[in-house]
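S.K.: Coordinates for the following, if possible.
(chains A and B)
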Number of protein chains: 2
Amino acid sequence: MKVVALAGGTGAAKFLRGLCRVTDPADVTVIGNTGDDLEMWGLAVSPDLDTVMYTLAGLVDESKGWGLAGDTFACRDAMGQWGQATFFGLGDKDIATHLVRTERIRAGASLTQVTDELRRALGVKSAILPMSDEAVRTHVRTPDGWLAFQEFFVRDRCAPAIVDISYDGADRARPAPGVLEAIAEAKVVILCPSNPISSVGPILAVPGIRQALAGTAARVVAVSPIVGQAPVSGPAGKMMAAKGFEVSALGVLAVYEGLLDQLVVDSQDAPLVARLETKGVQVLVTASIMTDAEKEKALARAVLEGSS
Amino acid sequence: MKVVALAGGTGAAKFLRGLCRVTDPADVTVIGNTGDDLEMWGLAVSPDLDTVMYTLAGLVDESKGWGLAGDTFACRDAMGQWGQATFFGLGDKDIATHLVRTERIRAGASLTQVTDELRRALGVKSAILPMSDEAVRTHVRTPDGWLAFQEFFVRDRCAPAIVDISYDGADRARPAPGVLEAIAEAKVVILCPSNPISSVGPILAVPGIRQALAGTAARVVAVSPIVGQAPVSGPAGKMMAAKGFEVSALGVLAVYEGLLDQLVVDSQDAPLVARLETKGVQVLVTASIMTDAEKEKALARAVLEGSS
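M.R.: Predicted structure coming up:
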């Protein structure tokens, strides 16, 4: 059964790891967020694509949820001594990934091509597609001005108030090769438990992708990353509020208005089911907090089967 | 007293370290070889400039004579896993230097500018100038074809027979800003104990530099890197032979024909003095093998004073 998953970083990667253990990984196509890609020290860095790739390859640093297990930071420390920004702390082994990506892109390869080369070299059986080969960059407007996403997220630890979020370049971006085809061929399209604004939002902002989801014959199902009145992790709540959405599964449904056949909510949100269903969506209630591999698999199985 | 030194890598760096301890380092201008520069993993690497810089900054790996002391190689190992060439094994801290250089050059800085920024950041008081901002690349012709210098030197460990050596791009290169001015203002110009063909040779191949040395009022003095019939280190002998020069202090003098006021030879070469002097050069005999800091200083002092 062909499955497409729209994915951000850590939360999506854990879900996808479960998914690839309950279905054939070769049937899974990941469409990854590139809105928080950045150039750091001259290197082309794609944090969400790499988090998914490293996690599916079994190489991720489990304690952080990103980066490579056992990595060291000698280069980052030296960059600091050179007076370079080190808030986005690339590890020494991780830098090799970025060197390879950067060199391939400078040589004319697309992000789609190099992402495919990298995941194959690591033995990842699922296709990982960037949402677009064109640069889309998420920016966060604070009372003091616009910040690049990683300045807000990593450097400033999500502390500034949020006035607005933009996806710069999205209007000129095209879906990467394979993205629309994968959505058209899928039986199930999953919006992973990722930040609806800063992880799934940039993907949906690429012209053509939202329309493909609205028009596909596939079952489209989202896993709410909001449990109760708060996100499982990260600044999703703050961002949803800034965009005028309620911070709840109802708000998640509103962000994805017109796209979903089904919304998966955590057992804690069972009281919301009746209200969600009045919005014309099927609701699946299950345990959605992935604290171990079994829970990742159980959630993935429920989403895949459409029932708990 | 203004001093200019034409320098290759390890041997020159040790000599320059001694020199900077017996004269004011701010009076020393190093003109460094860039003929063995390379692009590795997309990074702009200048091995000789860095060896001089790291040595004068007190940061060099003493056991190897290049690279940074205490460096690690996690990134290199990861690059090997990505299938990238790892013969030129950049260390994790060293990579930071190349990242900074590469980014500055991509941003439009010249190699002269970034080299100056780097050496100042490390507290090196001597100016370090690349011989040229234009790319000059030393190639070694073997019976099996042409090799880039580092392929011959590092990857193939100088094993192939040498048919010829070329300095690609030298004919179109210009001396870097400050090079001709430094030579014109110097009281002493020192050709460091470096490979005359692959270290000093590329510098002399940049149009204008040989002429400036021939025309300067400064005392021009070379330290022979050949002691007896062999180089102190490296492939200088093999390269001199390939270019038709005798592998001896007489051969070194022949490579530098028309440039020298004085040649410094090791005590072992005292028997050659009469023959050298018939070529119209003053000969200084002294201990030239730098096995410790005192010997580096003693050699530098003798060269600077023009007498032992």
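S.K.: tally of neighbours for the single nearest residue of the stretch 151-300 of chain A relative to chain B?
M.R.: Nearest residue of the stretch 151-300 of chain A to chain B: A:Glu151, at 18.0 Å (CB to the nearest CB). Backbone N, C-alpha and C define where each C-beta goes, glycine included. A count of nearby residues for A:Glu151, using other CB atoms under 10 Å in any protein chain shown, gives 18.
S.K.: which residues touch it?
M.R.: Under the criterion of CB atoms under 8 Å, 6 or more residues apart in numbering or on different chains, the neighbours of A:Glu151 are A:Phe87, A:Val140.
S.K.: how about the helices in chain A?
M.R.: In chain A, the helices defined using DSSP state H lie at A:10-22, A:47-56, A:74-81, A:92-106, A:111-121, A:149-150, A:179-185, A:200-205, A:209-215, A:236-242, A:249-255, A:273-277, A:293-305.
S.K.: Mean pLDDT added to these, as CSV?
M.R.: CSV is the format used below for the helices of chain A (pLDDT from 0 to 100):
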stretch, mean pLDDT
helix A:10-22, 97
helix A:47-56, 98
helix A:74-81, 98
helix A:92-106, 98
helix A:111-121, 98
helix A:149-150, 94
helix A:179-185, 97
helix A:200-205, 98
helix A:209-215, 96
helix A:236-242, 94
helix A:249-255, 97
helix A:273-277, 96
helix A:293-305, 96
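S.K.: Quick one: closest of these to B:Val163.
M.R.: B:Val163 sits nearest to helix A:92-106 of all these, at 31.5 Å, using CB to CB.
S.K.: So which elements touch that closest one?
M.R.: strand A:43-45, helix A:74-81, helix A:111-121, helix B:74-81, helix B:92-106 (3 or more CB pairs under 8 Å, 6 or more residues apart in numbering or on different chains; DSSP states H and E).
S.K.: Enumerate the residues of the stretch 1-150 of chain A near chain B.
M.R.: Neighbours of chain B within the stretch 1-150 of chain A, by CB under 8 Å from any CB of the partner chain: A:41-43, A:71-72, A:74-75, A:77-79, A:81-84, A:91-97, A:99-100, A:102-103, A:106, A:121.
S.K.: of the residues you listed, buried ones?
M.R.: Buried members of the residues of the stretch 1-150 of chain A next to chain B, counted by 16 or more other CB atoms under 10 Å in any protein chain shown: A:41-43, A:71-72, A:74-75, A:78-79, A:82, A:84, A:91-97, A:99-100, A:102-103.
S.K.: thinking again about what came up before, so which of the helices and strands packed on helix A:92-106 is nearest B:Cys20?
M.R.: That would be helix B:92-106 among these, by CB to CB, at 20.1 Å.
S.K.: Could I get the contacting residues of A:Ser46?
M.R.: By CB under 8 Å, 6+ apart, the neighbours of A:Ser46 are A:Gly32, A:Thr34, A:Asp37, A:Arg101, A:Leu111, A:Thr115, A:Pro130.
S.K.: Which of those residues ranks first by neighbour count?
M.R.: Counting by other CB under 10 Å, top hit in the contacts of A:Ser46: A:Gly32 with 32 neighbours.
S.K.: Which strand residues bridge that one?
M.R.: A:Ala7, A:Pro130 (DSSP bridges).
S.K.: still on that earlier bit, how about the helices and strands packed on helix A:92-106 in JSON lines, adding distance to B:Leu263?
M.R.: Output for the helices and strands packed on helix A:92-106, formatted as JSON lines (distance: least, CB to CB, whole Å):
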{"stretch": "strand A:43-45", "distance to B:Leu263": "47"}
{"stretch": "helix A:74-81", "distance to B:Leu263": "40"}
{"stretch": "helix A:111-121", "distance to B:Leu263": "54"}
{"stretch": "helix B:74-81", "distance to B:Leu263": "40"}
{"stretch": "helix B:92-106", "distance to B:Leu263": "35"}
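S.K.: Check the spacing between the closest residue in space to A:Ala212 that isn't next to it in sequence and A:Ala214 real quick.
M.R.: In this structure, A:Ala212 finds its nearest non-sequential neighbour in A:Ile183, 4.4 Å apart by CB to CB, 6 or more residues apart in numbering or on different chains. Per CB to CB, to the nearest Å, A:Ile183 is found 10 Å from A:Ala214.
S.K.: who has more neighbours, these two?
M.R.: Neighbours per residue (other CB under 10 Å) separate A:Ile183 from A:Ala214, with A:Ile183 holding more: 24 against 12.
S.K.: got the contact list for that one?
M.R.: By CB under 8 Å, 6+ apart, A:Ile183 lies in contact with A:Val4, A:Ile31, A:Val189, A:Ile209, A:Ala212, A:Leu213, A:Thr216, A:Ala218.
S.K.: ditto for A:Ala293
M.R.: A:Arg17, A:Gly18, A:Arg21.
S.K.: For the residue lying closest to the second one once chain neighbours are set aside, the count of nearby residues, please.
M.R.: Spelled out, that is A:Gly18. The shortest distance from A:Gly18 to any non-neighbouring residue, by CB to CB, 6+ apart, is to A:Glu296 (3.0 Å). A:Glu296: 21 surrounding residues under other CB under 10 Å.
S.K.: Would you agree A:Glu296 is in contact with A:Ala13?
M.R.: No - between A:Glu296 and A:Ala13 there is no contact, the gap being 9.7 Å when judged by CB atoms under 8 Å.
S.K.: What pLDDT does the model give the residue of the stretch 151-300 of chain A closest to chain B?
M.R.: On pLDDT, A:Glu151 comes in at 94.
S.K.: Next one: it from A:Leu38, what distance?
M.R.: 9 Å.
S.K.: Could you do A:Glu296 as well?
M.R.: 28 Å.
S.K.: how about the nearest residue to A:Ala74, chain neighbours excluded?
M.R.: B:Asp92 is the one closest to A:Ala74 (CB to CB, 6+ apart), at 3.7 Å.
S.K.: give me every residue that touches that neighbour.
M.R.: Going by CB under 8 Å, 6+ apart, B:Asp92 touches A:Thr72, A:Ala74, A:Cys75, A:Ala78, A:Asp92, A:Ile95, B:Asp71, B:Thr72, B:Phe73, B:Ala74, B:Cys75, B:Arg76.
S.K.: Next, the contact list for the last one, please.
M.R.: Pointing back at B:Arg76 there. B:Arg76 touches B:Thr86, B:Gly89, B:Leu90, B:Gly91, B:Asp92, counting by CB under 8 Å, 6+ apart.
S.K.: Would you agree the second one is in contact with B:Phe73?
M.R.: Yes - in this structure, B:Gly89 sits in contact with B:Phe73. The criterion is CB under 8 Å, and the distance is 6.0 Å.
S.K.: Now for A:Asp168, how many residues are close by?
M.R.: 18.
S.K.: What residues does the nearest residue to it once chain neighbours are set aside make contact with?
M.R.: Closest residue to A:Asp168 apart from its sequence neighbours, by CB to CB, 6+ apart: A:Arg137 at 4.7 Å. Residues in contact with A:Arg137, defined by CB under 8 Å, 6+ apart, are A:Gly35, A:Asp37, A:Leu38, A:Ala148, A:Phe149, A:Tyr167, A:Asp168, A:Gly169.
S.K.: Enumerate every residue touching A:Met240.
M.R.: For A:Met240, the contacting residues are A:Pro196, A:Ile197, A:Ile226, A:Glu246, A:Val247, A:Gly251, A:Val252, A:Val255, by CB under 8 Å, 6+ apart.
S.K.: need those residues in JSON lines with neighbour count and distance to chain B, can you?
M.R.: Output for these, formatted as JSON lines (neighbours: other CB atoms under 10 Å in any protein chain shown; distance: CB to the nearest CB, whole Å):
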{"residue": "A:Pro196", "neighbour count": "27", "distance to chain B": "34"}
{"residue": "A:Ile197", "neighbour count": "26", "distance to chain B": "31"}
{"residue": "A:Ile226", "neighbour count": "27", "distance to chain B": "37"}
{"residue": "A:Glu246", "neighbour count": "16", "distance to chain B": "44"}
{"residue": "A:Val247", "neighbour count": "18", "distance to chain B": "40"}
{"residue": "A:Gly251", "neighbour count": "21", "distance to chain B": "41"}
{"residue": "A:Val252", "neighbour count": "29", "distance to chain B": "38"}
{"residue": "A:Val255", "neighbour count": "22", "distance to chain B": "37"}
